[in-house]
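*Asks:* can't give you the sequence, but here's the structure:
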Ligand SMILES: NC(=[NH2+])NCCC[C@H](N)C(=O)O
């Protein structure tokens, strides 16, 4: 087989389906989850650090018109979610967009998407774990007037040796994931309820400080400001795709996956748009710049009561744990699929017969994420996460079109309405947001893809099961 043929070889949809259903008892993932839990996974993996802090970064760019940026982000998320729902219902495997790319565009595209997902999941989990350590510090400062010493709570370069809280958190999440997907989903559900609870608290308390004068002037920075803010805001919407990594662990996946994606999308969009509205209504747009502590600062301004601020901060600490847990979950499942295809070593797809989870893979992912969180002083990687996600989302939308043409009669549990307009619009929206990202993100991303290619040429190309 020539190199070119290797790069373009596709894995047939049927082969994915057989993989997902034919593994012998004990060496397969277990189907234990239903629609509710899966919706909670979608919400858990999406509402994270973004919404709590993004207004401070974006209102100075767009003014009160940031509400429109949120709508633009939501529309893009909705379009891509529809495309995910169709492919997830046609190819319900744990590899998510990596697998869809493999089935539609071939091995090279699949590898590239796999590496995009590493940015969207593993790298972003490391960054979020670091941020979590900061929230924890802010909370203990607030409640007890004390912080952890920087030596053990900050990475080298940021005044410390190791970020211990972040490492411990990642470790605990991995232990839970090793125990079982069901147990993890349960703990996640509790945290998601806390998360939604504090956002409702923000809405209720924040609404008492709503002043429509604050909405004037509505778009002081014009259309360009709205677009730039939307690219940043999109980060808050990243994560819905995690639902599709549970394809081999839910009952009745053809129905459950699309439903859960849609339910999670509705909840998230409603919450975000309302939070943005209440946020910009609560204080003049010029006051967002440089404001620390995000939404909880707004809360404290609006009310004289002492409790909402600290309760909110405590809620954020709990809620961010669920994002990390779910991202780690999704990452292990994607690598599980890649390992099964031979693209990466088989250690990632070994299932522990007693627990029904990829124990070795989970520990490897945890080690990698903990390492990032422990020693890398990363702050601005959010854009890289969005870049990885947007590219993967665009590939999924392209995949919808390819699969419709190539396999029109394939059984699908859900089909995108308004085909082909919706997938085309989805590609367009992703391209627009990618275009709005800063130049240094492009450079880092380019370097990352080169690394992906090198690893593929040295390993995946020779071990791919399609070559056997
Ligand atoms: N695969 C993921 N879930 N990545 C990180 C998503 C970040 C999340 N949307 C947030 O606002 O913090």
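*Replies:* Right, received. Where do you want to start? Computed from a predicted structure; not experimentally measured.
*Asks:* the stretch 201-350 of the chain against the ligand: which residues are in contact?
*Replies:* Contact residues, the stretch 201-350 of the chain versus the ligand (C-beta under 6 Å from any ligand atom): 235, 236, 238, 239, 242, 323, 327. Any C-beta I mention is one placed from the backbone N, CA and C, and that applies to glycine too.
*Asks:* just put those in CSV and tack on distance to residue 61.
*Replies:* Converted to CSV, these look like this (distance: C-beta to C-beta, whole Å):
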residue, distance to residue 61
235, 14
236, 15
238, 19
239, 22
242, 28
323, 24
327, 27
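*Asks:* now residue 340. Nearest residue, chain neighbours left out?
*Replies:* The shortest distance from residue 340 to any non-neighbouring residue, by C-beta to C-beta, 6 or more residues apart in numbering, is to residue 349 (4.4 Å).
*Asks:* could you count how many residues lie near the one you found?
*Replies:* 24 (other C-beta atoms under 10 Å).
*Asks:* the residue in the stretch 251-400 of the chain positioned nearest to the ligand is in what secondary structure piece?
*Replies:* Nearest residue of the stretch 251-400 of the chain to the ligand (C-beta to the nearest ligand atom) works out as residue 327 at 4.5 Å. According to DSSP states H and E, residue 327 maps onto helix 308-340.
*Asks:* do me a favour and average the pLDDT over that helix.
*Replies:* For helix 308-340, the mean per-residue pLDDT is 95.
*Asks:* now the element after it, going C-ward?
*Replies:* helix 359-375.
*Asks:* helices and strands around that next one, which ones?
*Replies:* Applying 3 or more C-beta pairs under 8 Å, 6 or more residues apart in numbering; DSSP states H and E, one finds that helix 359-375 contacts helix 124-144, helix 164-179, helix 308-340.
*Asks:* buried residues in the longest one?
*Replies:* I take that to be helix 308-340. 308-309, 311-340 (16 or more other C-beta atoms under 10 Å).
*Asks:* compute the inter-axis angle for it and helix 359-375.
*Replies:* 130 degrees (axes from the mean of the first three to the mean of the last three C-alpha atoms, to 10 degrees).
*Asks:* ok, now how distant is the nearest residue in space to residue 90 that is not next to it in sequence from residue 287?
*Replies:* Leaving out its chain neighbours, the residue that sits closest to residue 90 by C-beta to C-beta, 6+ apart is residue 412, at 4.6 Å. Between residue 412 and residue 287 the computed distance is 49 Å (C-beta to C-beta, to the nearest Å).
*Asks:* and residue 399, by the same measure?
*Replies:* Residue 399 is 44 Å from residue 287, by C-beta to C-beta.
*Asks:* what about the two, which has more around it?
*Replies:* Neighbours per residue (other C-beta under 10 Å) separate residue 399 from residue 287, with residue 399 holding more: 27 against 16.
*Asks:* tell me the pLDDT of that one.
*Replies:* pLDDT, residue 399: 97.
*Asks:* and what of residue 85?
*Replies:* At residue 85, the pLDDT recorded in the model is 94.
*Asks:* and the gap between it and residue 241?
*Replies:* From residue 85 to residue 241 the distance is 10 Å (C-beta to C-beta).
*Asks:* and residue 418, that's in a strand?
*Replies:* No. Counting by DSSP: H, G, I helix; E, B strand; the rest coil, residue 418 is not found in a strand; it is coil.
*Asks:* could you give the number of residues near it?
*Replies:* Using other C-beta under 10 Å, residue 418 has 11 other residues around it.
*Asks:* now it: how far from residue 425?
*Replies:* Separation of residue 418 from residue 425 (C-beta to C-beta) stands at 9 Å.
*Asks:* residue 70 now?
*Replies:* In terms of C-beta to C-beta, residue 70 sits 18 Å off from residue 425.
*Asks:* now tell me what touches stretch 436-448 from outside.
*Replies:* 115, 119, 227, 228, 230, 231, 383, 384, 386, 387, 388 (C-beta atoms under 8 Å, 6 or more residues apart in numbering).
*Asks:* just stretch 151-171 next, same as before
*Replies:* 125-126, 129-130, 132-133, 136-137, 147-150, 321, 324, 328, 366, 369-370, 373-377.
*Asks:* what do you get if the cut-off is 10 Å, keeping everything else the same?
*Replies:* 125-137, 147-150, 320-321, 324-325, 328, 363, 365-379 (C-beta atoms under 10 Å, 6 or more residues apart in numbering).
*Asks:* okay, how far is it across it, tip to tip?
*Replies:* 20 Å (C-alpha to C-alpha, to the nearest Å).
*Asks:* swap in stretch 239-258?
*Replies:* Span of stretch 239-258 from end to end, C-alpha to C-alpha: 15 Å.
*Asks:* residues of it that come out buried?
*Replies:* Buried residues in stretch 239-258, counted by 16+ other C-beta under 10 Å: 239-250, 253-254, 256-258.
*Asks:* next, find the distance separating the residue nearest to residue 271 when sequence neighbours are not counted from residue 212.
*Replies:* The shortest distance from residue 271 to any non-neighbouring residue, by C-beta to C-beta, 6+ apart, is to residue 199 (5.4 Å). Separation of residue 199 from residue 212 (C-beta to C-beta): 22 Å.
*Asks:* and if you look at residue 350?
*Replies:* Note on residue 350: its distance to residue 212, by C-beta to C-beta, is 59 Å.
*Asks:* if we can go back for a sec, so the residue of the stretch 251-400 of the chain closest to the ligand makes contact with residue 122?
*Replies:* Yes. If you go by C-beta atoms under 10 Å, residue 327 and residue 122 touch, sitting 7.8 Å apart.
*Asks:* what touches both of these two?
*Replies:* 365, 369.
*Asks:* which element is residue 193 on?
*Replies:* Residue 193 belongs to helix 181-207, assigned by DSSP H and E.
*Asks:* pLDDT (mean, whole number) over that helix?
*Replies:* Helix 181-207 comes out at a mean pLDDT of 96.
*Asks:* what element comes up after that helix heading to the C-terminus?
*Replies:* Per DSSP H and E, the first helix or strand lying C-terminal to helix 181-207 is helix 222-237.
*Asks:* that following helix packs against which elements?
*Replies:* helix 49-62, helix 66-90, helix 253-282, helix 382-406, helix 421-436 (3 or more C-beta pairs under 10 Å, 6 or more residues apart in numbering; DSSP states H and E).
*Asks:* of all the ones you listed, which one is nearest residue 172?
*Replies:* helix 49-62 (18.3 Å; C-beta to C-beta).
*Asks:* okay, residue 70 and residue 425: which has more neighbours?
*Replies:* residue 70 (31 against 17).
*Asks:* can you tell me how far that one is from residue 360?
*Replies:* 41 Å.
*Asks:* before we move on, the earlier item: residue 96 is nearest to which of the helices and strands packed on helix 359-375?
*Replies:* Nearest of those to residue 96, taken as C-beta to C-beta: helix 308-340 at 5.8 Å.
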